[in-house]
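1. Need coordinates for the following:
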Amino acid sequence: MAIVTSSEGLSFRDLVFSDLGRYRPGERGWLRVILRGISNPGLFACVVLRAQQVGFRKGKVRRPFLWRSVGMYLFSADFVPGMDIGPGFFLPHPSGTVIGNGLRMGANVTFGGAVTAGVKQPDTPAGEDDYPVVGDGAIVLANAVLVGPVTIGNYAQVGANSVVLSDVADFACVFGVPARKVAERRGIIPGSMEVLAEPPPKAPKPAAGG
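-> This is a model prediction of the structure:
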């Protein structure tokens, strides 16, 4: 079952500095954010995302939607106000990313470019339970699609161009349309992205004559 570390109780500063740490571990400070952001547009995109996230949490609805437009104009990324994204978000290629307003995401999650995470039927009313949940340490690679009330487990990995229509177990690597388990992530230290992907163990063959 996915553990989702919430952003609750963390300030705008806390969240931005946690994101900075995914680009340059150990670095803090607004000057570092600016310097790193110049060469890492994904970090600046995270700043925009955090501004609207914290503002929406405080009940300031108009300003977050203004920040949403800023994100679309600057990065071609659509962050819909209302999502809850935990600390340490890594978004190296923000262009084309779409994050629905009911998405819940844990700590130290990585999104590749043009990831879409939202509801199955965007033209009908949806509640929080209609959106994906992404566990701590998960990696979702480029052009992957997460739709509906699916759960991406802790430290799971979704392959590029995959469409996830069902839950993904902790540590599982999935790929395809629809996404299916093809391997497992092994040797993970919490907080570290150093992993070794191994194929899942095969089921034993039945004994002859059994």
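
2. low-scoring stretches of this protein, by residue?
-> Residues of the chain meeting the criterion pLDDT under 70: 1, 3, 123-128, 187-210.

3. so where do the helices sit in it?
-> Along the chain, counting by DSSP state H, helices occupy 12-23, 30-39, 41-57, 62-75.

4. Hey, what's the angle from the third one to helix 30-39? Just curious.
-> To tie it back to what came earlier, the one meant is helix 41-57. Counting by axes from the mean of the first three to the mean of the last three CA atoms, to 10 degrees, helix 41-57 lies at 120 degrees to helix 30-39.

5. Now do helix 41-57: distance to the chain's middle.
-> 14 Å (CA atoms, centre = their mean, to the nearest Å).

6. Would you mind pulling up the elements that that helix packs against?
-> Secondary-structure packing of helix 41-57 (3 or more CB pairs under 8 Å, 6 or more residues apart in numbering; DSSP states H and E): helix 12-23, helix 30-39, helix 62-75, strand 78-79, strand 84-85. For glycine as for every other residue, the C-beta is placed from the backbone atoms N, C-alpha and C.

7. one more time with 6 Å, if that's ok
-> helix 12-23, helix 30-39, helix 62-75 (3 or more CB pairs under 6 Å, 6 or more residues apart in numbering; DSSP states H and E).

8. How about residues contacting that helix?
-> Under the contact criterion CB atoms under 6 Å, 6 or more residues apart in numbering, helix 41-57 has outside partners 12, 15-16, 19, 23, 36-37, 63-64, 67-68, 70-71, 75, 77, 79, 81-82, 89, 91-92, 94.

9. That helix to helix 62-75, inter-axis angle?
-> Helix 41-57 and helix 62-75 are oriented at 170 degrees to each other (the same axes, to 10 degrees).

10. Tell me the span between the first and last residue of stretch 132-143.
-> Terminal residues of stretch 132-143 are spaced 16 Å apart (CA to CA, to the nearest Å).

11. got a list of what Arg112 touches?
-> Quick fix: residue 112 reads Gly, not Arg. Gly112 makes contact with Leu141, Ala142, according to CB under 6 Å, 6+ apart.

12. Try it again at 7 Å.
-> His93, Val140, Leu141, Ala142, Ala160 (CB atoms under 7 Å, 6 or more residues apart in numbering).

13. Assess the claim that the second one and Phe111 are in contact.
-> Okay, so that is Val140. Yes - proximity of Val140 to Phe111 meets the contact threshold set by CB atoms under 7 Å, at 5.2 Å.

14. Can you work out which residues contact both of those two?
-> Joint contacts of Val140 and Phe111 (CB under 7 Å, 6+ apart) do not exist.

15. what's the most buried one of the helices and strands packed on helix 41-57?
-> Ranked by mean neighbour count under mean count of other CB atoms under 10 Å, the helices and strands packed on helix 41-57 are led by helix 12-23, which reaches a mean of 20.

16. Give me the angle between that one and helix 30-39.
-> Using the same axes, to 10 degrees, helix 12-23 lies at 50 degrees relative to helix 30-39.
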